[in-house]
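> Sequence and predicted structure, then a few things I'm wondering about:
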Amino acid sequence: MKRGIIYLPDALTRANITPSAPRGSRTDGRIIESRIAGAHLRYLILSDIHANGEALTQCLEAATGHYDEVLCLGDLVGYGPDPNSVTERVRELSRIIIRGNHDRACVGLLDPGEFNPLARWATEWTRRELTLENFEFLRSLPMGPLSVDGFQMVHGSPLDEDEYILGPVEALTNLRAMTAPWVLFGHTHHQGGFALSPKGHFQAIRCARLMDGEPKIVKLLDGYAYLVNPGSVGQPRDGDWRAAYAVLDLDEKQVEYFRVPYDLAKTQAKMRAAGLPEPLIERLAFGR
Ligand code: ZN
């Protein structure tokens, strides 16, 4: 694996090619050099932020100094009260972002009729709130899989951007079909993942009861296939209300999973002020 080189499909490149180029500028090249030339390359992995600005703030604060690049696995918006500020911050932070199903629904690329009534309500609210610039930015996001430095990013699964990899059945199908050894995925809002050994031994990666800001470290072994879910920044559903994120360290060949508390009451107050549905406000406290 060559450090610092990022491969993006031609049509999807929206990253800068040199350290001095402005972020978000387009290139025609397939090979994009990372701005980082240091000894380490660590990716901060954010997924399913869902317009929760307070949760995003805490993740970034906790991860300060611990990463070189930011990756986003989609669902920047939908559910939460801060669609514009979250979109703008992620756009500023990260040059490697793929779309999620809520991003698509909020910008008219997916029929929100496929969602439950509460999610649909939040989708329509978000669509009305988004500035034209943010709407167009979300609409322009590429779909996964996106190949970066020898691994892949997807929202749902490598086979289907809308698939939920929740258990062994879906995980095994995807682990066996993977064309990269490590795939980062989101969509389920469950932190953890799955691994398949060279001899076909399947293993779930569980992240129960992490201490605030203390990582669970998973070594990425040669020959294994890994599906890695950083968890949801803004609307966890794995029973832990705290914001979730992960750091992928290419040189150490490891993933570090983190949980950090955030100002939940502030997010909930903003949602109430925006008139978002009460069950969506309450579920944040339960991490469901
Ligand atoms: Zn989501």
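Good, I have the coordinates.
> Please identify the residue of the stretch 51-200 of the chain positioned nearest to the ion.
Using C-beta to the ion, the point where the stretch 51-200 of the chain gets nearest to the ion is D75, with a distance of 3.5 Å. Bear in mind the C-beta positions are built from the backbone N, C-alpha and C, glycine included.
> So which residues make contact with stretch 223-231?
By C-beta atoms under 8 Å, 6 or more residues apart in numbering, the surrounding residues in contact with stretch 223-231 are 45-48, 73, 165, 171, 174-176, 178, 181-186, 188-198, 205, 207, 218, 220, 238, 244-246, 248, 255, 257, 259.
> Same question for stretch 162-172.
Counting by C-beta under 8 Å, 6+ apart, stretch 162-172 makes contact with 101, 155-157, 174, 185, 187-188, 190, 194, 196, 202, 204, 227, 229, all of which sit outside it.
> ok, now which ones touch the closest residue to C72 other than its chain neighbours?
With C-beta to C-beta, 6 or more residues apart in numbering as the measure, I97 is the residue that lies nearest to C72, at 4.2 Å, once sequence neighbours are left out. I97 makes contact with 71-72, 74, 76, 90-91, 141-142 under the criterion C-beta under 8 Å, 6+ apart.
> Among these, which ones are in helices?
90-91 (DSSP state H).
> all strands in the stretch 1-150 of the chain, in order from the N-terminus.
For the stretch 1-150 of the chain, the strands identified by DSSP state E, counting those that start in this stretch occupy 5-7, 31-33, 42-46, 69-72, 96-97, 146-148, in order along the chain.
> How far off centre is the shortest one?
Yep, that's strand 96-97 we're talking about. Averaging C-alpha positions (C-alpha atoms, centre = their mean, to the nearest Å) puts strand 96-97 9 Å from its chain's average.
> C-alpha coordinates for stretch 239-250, PDB please?
Extracted C-alpha coordinates of stretch 239-250, given in PDB (Å, rounded to 0.1, in the frame of the first residue of the first chain):
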ATOM      1  CA  GLY A 239     -28.200   1.500  22.900                       C
ATOM      2  CA  ASP A 240     -25.500   4.100  23.700                       C
ATOM      3  CA  TRP A 241     -26.600   7.700  23.300                       C
ATOM      4  CA  ARG A 242     -23.000   9.100  23.000                       C
ATOM      5  CA  ALA A 243     -21.600  10.200  19.700                       C
ATOM      6  CA  ALA A 244     -19.500   7.600  17.900                       C
ATOM      7  CA  TYR A 245     -16.600   7.800  15.600                       C
ATOM      8  CA  ALA A 246     -13.500   5.900  14.600                       C
ATOM      9  CA  VAL A 247      -9.900   6.500  13.500                       C
ATOM     10  CA  LEU A 248      -8.300   4.300  10.900                       C
ATOM     11  CA  ASP A 249      -4.500   4.200  11.300                       C
ATOM     12  CA  LEU A 250      -2.900   3.000   8.100                       C
END
